[in-house]
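just need the structure, nothing else, for what follows:
(chains A, B, C and D)
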4 protein chains.
Amino acid sequence: MTTAYNQIAGQSVERLAALSDGIFAFAMTLLALDLRVPALEAIHNEHDLWHGLTALSPRLIMYMMSFLTLGIFWVGQQTQLNHLERSNIRLSWIHIVFLFFVTIMPFSTALLAEFTVYRTALLAYWLNILCLGAVLYASWGYATRSGLVKDDIVPEVPAAIKRRIVMAQSSYAFGVLLCVFGTYWSIAFIVLVQLYYALAPRLPK
Amino acid sequence: MTTAYNQIAGQSVERLAALSDGIFAFAMTLLALDLRVPALEAIHNEHDLWHGLTALSPRLIMYMMSFLTLGIFWVGQQTQLNHLERSNIRLSWIHIVFLFFVTIMPFSTALLAEFTVYRTALLAYWLNILCLGAVLYASWGYATRSGLVKDDIVPEVPAAIKRRIVMAQSSYAFGVLLCVFGTYWSIAFIVLVQLYYALAPRLPK
Amino acid sequence: MTTAYNQIAGQSVERLAALSDGIFAFAMTLLALDLRVPALEAIHNEHDLWHGLTALSPRLIMYMMSFLTLGIFWVGQQTQLNHLERSNIRLSWIHIVFLFFVTIMPFSTALLAEFTVYRTALLAYWLNILCLGAVLYASWGYATRSGLVKDDIVPEVPAAIKRRIVMAQSSYAFGVLLCVFGTYWSIAFIVLVQLYYALAPRLPK
Amino acid sequence: MTTAYNQIAGQSVERLAALSDGIFAFAMTLLALDLRVPALEAIHNEHDLWHGLTALSPRLIMYMMSFLTLGIFWVGQQTQLNHLERSNIRLSWIHIVFLFFVTIMPFSTALLAEFTVYRTALLAYWLNILCLGAVLYASWGYATRSGLVKDDIVPEVPAAIKRRIVMAQSSYAFGVLLCVFGTYWSIAFIVLVQLYYALAPRLPK
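This next block holds a predicted model:
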């Protein structure tokens, strides 16, 4: 009986994509809510305001880092969904779990922005990224095993998608290890990795 | 005259699905707003931060429970809409009422997270879930009676959709009854039911 | 030159519908943010919590009223967009102005919920509804005059759409006039009108 | 290897449009969060409330200005996407960067609303608009150079799109220069420019 329901539920890739776009859009915009305008009382001239804004720059960098992270995972999820012929209820639930970790991202970002020097905050942030990567990896594995992928897919694509996730996650893990020298080293390395993934296509091959 | 307008209004299943995806996406992300970063003043070392984060875990569990709830209802509504040939204004309004209860969910969740030991909070939470189920049940009943469902639907599907809602709601109601022993029993049972619905397809049949 | 650009810009009804669904979804969910969980310090037993929740009911009614309002206007805008063959930049801008008044709705609602007995708050709320109706009326007038409407439209439809807006706005205006007896009379009347519009199709004709 | 992945990633214009609509919808609605209802304690009669509301009008004007700004850029981006045959990962990333500056807009607006008389706030606001324009210009340049544009495009269109951005940005830059006389002059000029862009098609040619 449950099986009967499950055979008809969650089959629309379009609706899954629409829910995902909504959650990504909302999470990406929510990140910016943490950028707060300086308090009116503390500002008495242009100079104060300028200082107030420059004091926001570490927070702005955290924000950019998380925006890049979500951008990378949005591209990654999109690439998978574009290659799907159809969805099923299991795959829908894998992606709902993926979206759960997307909605946690503003929290992880705020935590790291507030407690940048603490390794615990960095580990929590990394754990969030790790879960995103692991679930995305699992979703592709399930989709390929279950014959949900389009027939006309180029043979190299499935492996390329998996390799991409493993490589990115390896870089993040290495970045986190750098926190033995200090969390700023980790953050700087992660930002560089992300810029590489965002800009890579522009580099000469 | 009203009838004339009503015959032309609210016919697009796609727009209804798009509004629904938007509202689900926002409600699911809003839930996470309740996860607040520990206060900067209270944290003096890694140990404090670690404790601050573990202190958040009950709230995180509430959040996961509500995320699962909304995920289950999103899948349920999606399954219905996928089987519709077209909508009409009455069905649109039934779904707008359904979406109303979706937007209340972040409130019910925050209430239960704040007052976990109070049965009143649990009942309010359950009432929210009950309304979601009741309206979804009504919407399917109306759609089948009014000939809005696609012709090629498998004969067993309409009954399976209704049975699913009744079974799920029965489980929730039973879970709430467990609050005579304490609200934690209810919450634990409800989480288990939800995990079953999310994971069921993975279990051996 | 400006004309050249304007001839190619803003032609997609789908994108306009998608932006509208997003803004409606968000505004409808934001309304609920005003429902705040009672303060933990003030609650010592089930009885306190029960009273705290019943004290929220006027705010909940305001919220439902605004949710209905936005639902009515969403259906109204959707009906128009469904009948469009294409859009153009002028029509896009008319709808962007319409969406502006949608985004103001959470503010108007919070204002009326906070200052229910003040006519100024009621007038501000009504002004918001009036602007929504006026812009929607203008958008349909422009669409019909400019030949943007689908050819296969039933001849009675254009007039029915306009009549609907005029009738609804007349009811709202009458409701606001009732504030000479007190703002509660106005609010009760407006809620009744809205329920009529949402439920009308269910009544015998 | 990276190249292999990049050849299959980010190709969907529809998903890019959906993410964009979601982020625009959210950012446009978030702007209004800054309109706060007057404090209950400060209001004792209709007169107080009336004054409280008129005191909000500068903030409302800022809000309208930013809503217009986002509306203009939404139309601008939409026009580009509508003319694309397909996307690729580089173009997706250019648009993700564009969306980053969209999500910053509520912050820039709040900053200018709070510190209207400070040139630093005006410059920050303008910088935000400048980045939006520059990235949109770059995205069109890249799309045309890389053959992503539809074949049936009218020959004058590509140049018209670029000219439009340059003209608008020149007007904004001139407006900001007016801040040597005072920031209010700049704001008034920018509002006029935006009204022109929104209303232009209505003016006689």
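
how about the closest residue to chain D within chain A, what does it touch?
The nearest approach of chain A to chain D comes at A:Ala25, 2.8 Å away (CB to the nearest CB). The way it works is simple: take the backbone N, C-alpha and C, and place the C-beta from them, glycine included. A:Ala25 makes contact with B:Ala25, C:Gly22, D:Leu19, D:Asp21, D:Gly22, D:Ile23, D:Ala25, D:Phe26 under the criterion CB atoms under 8 Å, 6 or more residues apart in numbering or on different chains.

among these, which are in helices?
Using DSSP state H, the subset of the contacts of A:Ala25 located in helices is B:Ala25, C:Gly22, D:Leu19, D:Asp21, D:Gly22, D:Ile23, D:Ala25, D:Phe26.

pLDDT for those residues - can I get that in a markdown table?
Compiled in a markdown table, the ones in helices among the contacts of A:Ala25 are given as follows (pLDDT from 0 to 100):
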| residue | pLDDT |
| --- | --- |
| B:Ala25 | 94 |
| C:Gly22 | 94 |
| D:Leu19 | 94 |
| D:Asp21 | 94 |
| D:Gly22 | 94 |
| D:Ile23 | 95 |
| D:Ala25 | 95 |
| D:Phe26 | 93 |
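
just the strands in chain A please.
Counting by DSSP state E, chain A has no strands at all.

any idea how far the spatially most central residue of it is from chain B?
When CA atoms, centre = their mean is applied to chain A, the residue found nearest the centroid is A:Leu70 (3.3 Å). Using CB to the nearest CB, to the nearest Å, A:Leu70 is found at 12 Å from chain B.

skipping adjacent residues, who's closest to that residue in space?
In space, A:Leu70 comes closest to A:Met28 once its chain neighbours are excluded; the distance is 5.3 Å by CB to CB, 6 or more residues apart in numbering or on different chains.

contacts only, for the residue nearest to the centre of chain A.
Counted by CB under 8 Å, 6+ apart, A:Leu70 has contacts A:Phe24, A:Ala27, A:Met28, A:Leu31, A:Val102, A:Met105.

picking that back up, nearest to B:Val154, of the contacts of A:Ala25?
B:Ala25 (29.6 Å; CB to CB).

next up, the contacts around A:Thr183.
The neighbourhood of A:Thr183, defined by CB under 8 Å, 6+ apart, consists of A:Thr116, A:Val117, A:Tyr118, A:Arg119, A:Ala121, A:Leu122.

thinking again about what came up before, out of the contacts of A:Leu70, which one sits closest to B:Arg163?
A:Val102 (32.4 Å).

the residue in chain A positioned nearest to chain B: neighbour count?
Nearest residue of chain A to chain B: A:Gly22, at 2.8 Å (CB to the nearest CB). Counted with other CB atoms under 10 Å in any protein chain shown, residues neighbouring A:Gly22 total 32.

hmm, back to that, my read is that the residue nearest to A:Leu70 contacts D:Phe101, right?
No: when contacts are counted by CB atoms under 8 Å, A:Met28 is not listed as touching D:Phe101 (11.9 Å).

which one's more surrounded, these two?
The neighbour comparison of A:Met28 against D:Phe101 (other CB under 10 Å) goes to A:Met28, with 29 against 21.

quick check: A:Gly22 vs C:Gly22, distance?
Distance, A:Gly22 to C:Gly22, by CB to CB, to the nearest Å: 7 Å.

between the two, which contacts overlap?
Common neighbours of A:Gly22 and C:Gly22 (CB under 8 Å, 6+ apart) are B:Gly22, D:Gly22.

chain A: helices as residue ranges?
A:2-8, A:13-31, A:46-54, A:57-82, A:89-114, A:119-145, A:157-177, A:183-199.

export the ones you listed to TSV and tack on distance to C:Leu177?
Below are the helices of chain A laid out as TSV (distance: least, CB to CB, whole Å):
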stretch	distance to C:Leu177
helix A:2-8	52
helix A:13-31	40
helix A:46-54	48
helix A:57-82	49
helix A:89-114	46
helix A:119-145	55
helix A:157-177	63
helix A:183-199	58
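
deepest-packed of those helices, please.
helix A:13-31 (a mean of 25; mean count of other CB atoms under 10 Å in any protein chain shown).

just how off-centre is that one within its chain?
Centroid displacement of helix A:13-31 relative to its chain, using CA atoms, centre = their mean, to the nearest Å, is 12 Å.

could you give the angle of that helix to helix B:13-31?
Per axes from the mean of the first three to the mean of the last three CA atoms, to 10 degrees, the angle that helix A:13-31 makes with helix B:13-31 is 40 degrees.

low-scoring stretches of chain A, by residue?
By pLDDT under 70, the weakly predicted segments of chain A are A:1-4, A:200-205.

hmm, 80 instead?
Regions of chain A meeting the criterion pLDDT under 80 cover residues A:1-11, A:34, A:199-205.

what number of residues are in the vicinity of the residue lying closest to A:Arg119 once chain neighbours are set aside?
In space, and not counting its chain neighbours, A:Arg119 is closest to A:Cys179: 5.2 Å by CB to CB, 6+ apart. Number of residues near A:Cys179 (other CB under 10 Å) recorded here: 18.

so A:Cys179 is in contact with A:Ala121, correct?
No: assessed by CB under 8 Å, A:Cys179 is found out of contact with A:Ala121, at 10.2 Å.

give me phi/psi at the nearest residue to A:Leu60 once chain neighbours are set aside?
Of all residues not flanking A:Leu60 in the chain, A:Leu35 sits nearest, at 6.6 Å (CB to CB, 6+ apart). Backbone torsions of A:Leu35, given as degrees, to the nearest 10, read phi -80, psi 110.

what's the burial count for A:Leu35?
Using other CB under 10 Å, A:Leu35 is surrounded by 19 other residues.

tell me the spacing between it and A:Leu56.
A:Leu35 is 6 Å from A:Leu56, by CB to CB.

what of A:Gln11?
Distance, A:Gln11 to A:Leu56, by CB to CB: 46 Å.

next one: A:Ser186
Going from A:Ser186 to A:Leu56 by CB to CB gives 21 Å.

show me which of the contacts of A:Thr183 is closest to B:Ile61.
Using CB to CB, the contacts of A:Thr183 come closest to B:Ile61 at A:Ala121, 20.9 Å.

so what's that closest one up against?
Contacts of A:Ala121 (CB under 8 Å, 6+ apart): A:Leu111, A:Leu112, A:Glu114, A:Phe115, A:Thr183, B:Leu49.

now do A:Trp126
A:Tyr172, A:Ala173, A:Gly175, A:Val176.

closest one of the residues you listed to B:Ser87?
Distances from B:Ser87 to the contacts of A:Trp126, taken by CB to CB, are shortest for A:Tyr172, at 44.5 Å.

burial count for A:Leu178?
If we define neighbours as other CB under 10 Å, then A:Leu178 has 17 of them.

surely A:Ser87 and A:Gln11 touch.
Yes: with contact defined as CB under 8 Å, A:Ser87 counts as touching A:Gln11 (5.6 Å).

looking only at neighbour counts, state which of these two leads.
Per other CB under 10 Å, whichever of A:Ser87 and A:Gln11 has more neighbours is A:Ser87, with 22 against 18.

identify the residues contacting that one.
Listed by CB under 8 Å, 6+ apart, the contact set of A:Ser87 reads A:Gly10, A:Gln11, A:Ser12, A:Val13, A:Leu16, A:Leu148.

swap the cut-off to 10 Å and go again
When contacts are counted by CB atoms under 10 Å, 6 or more residues apart in numbering or on different chains, A:Ser87 touches A:9-17, A:81, A:94-95, A:143, A:148.

next to chain C, which bits of chain A? Give me the list.
Contact residues (CB under 10 Å from any CB of the partner chain) of chain A with chain C: A:Ala18, A:Asp21, A:Gly22, A:Ala25, A:Phe26, A:Thr29.
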